[in-house]
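> I'd like to go over a predicted model; first the sequence, then the structure.
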Amino acid sequence: QKEVEQDPGPLSVPEGAIVSLNCTYSNSAFQYFMWYRQYSRKGPELLMYTYSSGNKEDGRFTAQVDKSSKYISLFIRDSQPSDSATYLCAMRYTGNQFYFGTGTSLTVIP
Amino acid sequence: GAVVSQHPSWVICKSGTSVKIECRSLDFQATTMFWYRQFPKQSLMLMATSNEGSKATYEQGVEKDKFLINHASLTLSTLTVTSAHPEDSSFYICSASPSTATEQFFGPGTRLTVL
């Protein structure tokens, strides 16, 4: 079993839709959770960072962490064509190593 | 803040030659830097982790004599692909982590094509 599971998609939604991206994980020791956005042929860009359980909102983006279910989500409201990218979840516990999901490819259709 | 640069952004080389890729943290000190490889439409594959002034820790299956990593300062790490072959063609991405934060900040990546 992989440490982090993420549905690769692809996911296609109309402009203005609410997008829900999810990851599950197996290691209950994970404490730090991140979402990255990666455009084609570019490096990943940090979108959201959360510590432990709870919600965090930043503009149109909301990150949720449910440690009891080992489940994290990223919601994008009022999705725009410019949101079309691959979204990677990542997590870590103490120490340096990060664990990444495989990424979900999102296309927002105008 | 938290900008990481990579140079070059794209390199084409002949088989058998060596290529050096630089990764710099521009506005913070990076105690730890990471090197990843990414194939088209696939996720990041961690190659190695390096701490400033120490030898890099390589992931299983990554040849340390082929992929030489040097983290000589708190703002610079280099990856040298030695005796490159076509199968080494890939997208190489570095990231850096400040000592006071838990995030990784990624560079823009370097596309290596070996002919």
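Received the coordinates, thanks.
> where exactly do the strands run in chain B?
For chain B, applying DSSP state E gives strands covering B:4-7, B:10-13, B:19-25, B:30-38, B:45-51, B:57-58, B:67-73, B:76-81, B:90-98, B:105-106, B:110-114.
> same check on chain A?
Using DSSP E, strands in chain A cover A:4-6, A:11-14, A:19-25, A:32-38, A:45-51, A:54-58, A:61-66, A:71-76, A:85-92, A:99-100, A:104-109.
> check whether the shortest one comes near chain B.
Yes. Judged by Cβ under 8 Å from any Cβ of the partner chain, strand A:99-100 comes into contact with chain B at residue A:100. C-beta: built from backbone N, CA, C; applies to glycine.
> tell me what that strand is packed against?
strand A:85-92 (3 or more Cβ pairs under 8 Å, 6 or more residues apart in numbering or on different chains; DSSP states H and E).
> tell me the angle the strand it packs on makes with strand A:71-76.
Relative orientation of strand A:85-92 versus strand A:71-76 (axes from the mean of the first three to the mean of the last three Cα atoms, to 10 degrees): 150 degrees.
> and strand A:85-92, which strands flank it?
Its sheet considered, strand A:85-92 pairs with strand A:32-38 (antiparallel), strand A:99-100 (antiparallel), strand A:104-109 (antiparallel) by DSSP bridges.
> single out the most deeply packed of these.
Mean neighbour count (mean count of other Cβ atoms under 10 Å in any protein chain shown) peaks for strand A:32-38 among the strands paired with strand A:85-92, with a mean of 23.
> now do that one, average pLDDT.
The average pLDDT for strand A:32-38 rounds to 94.
> what does stretch B:55-65 give?
On average, stretch B:55-65 scores 92.
> so what touches that stretch?
B:35, B:45-50, B:67, B:69, B:71, B:82 (Cβ atoms under 8 Å, 6 or more residues apart in numbering or on different chains).
> what's the offset of that stretch from the middle of its chain?
What separates the centre of stretch B:55-65 from the centre of its chain is 12 Å, taken as Cα atoms, centre = their mean, to the nearest Å.
> can you pull the buried residues of that stretch?
For stretch B:55-65, a neighbour-count test (16 or more other Cβ atoms under 10 Å in any protein chain shown) marks B:56, B:58, B:62 as buried.
> what distance do you get for the last one to chain A?
In this case it means residue B:62. 14 Å (Cβ to the nearest Cβ, to the nearest Å).
> same question, the second one
Taken as Cβ to the nearest Cβ, the spacing of residue B:58 relative to chain A amounts to 13 Å.
> quickly list what that residue is bridged to.
residue B:48.
> would you confirm that residue B:32 contacts residue B:96?
Yes. Applying Cβ atoms under 8 Å, one finds residue B:32 in contact with residue B:96, separated by 7.2 Å.
> name the residues of chain A found near chain B, please.
By the rule Cβ under 8 Å from any Cβ, the part of chain A lying against chain B is A:32, A:34, A:36, A:41-46, A:49, A:51, A:88, A:90, A:92, A:96-98, A:100-103, A:105.
> for chain B, which spans come out with low pLDDT?
B:1, B:100-102 (pLDDT under 70).
> find the residue at the geometric middle of chain B.
With distances taken as Cα atoms, centre = their mean, residue B:35 lies nearest the centre of chain B, 3.7 Å away.
> confirm for me that it is in contact with residue B:92.
Yes. Between residue B:35 and residue B:92 there is a contact under Cβ under 8 Å: 6.8 Å.
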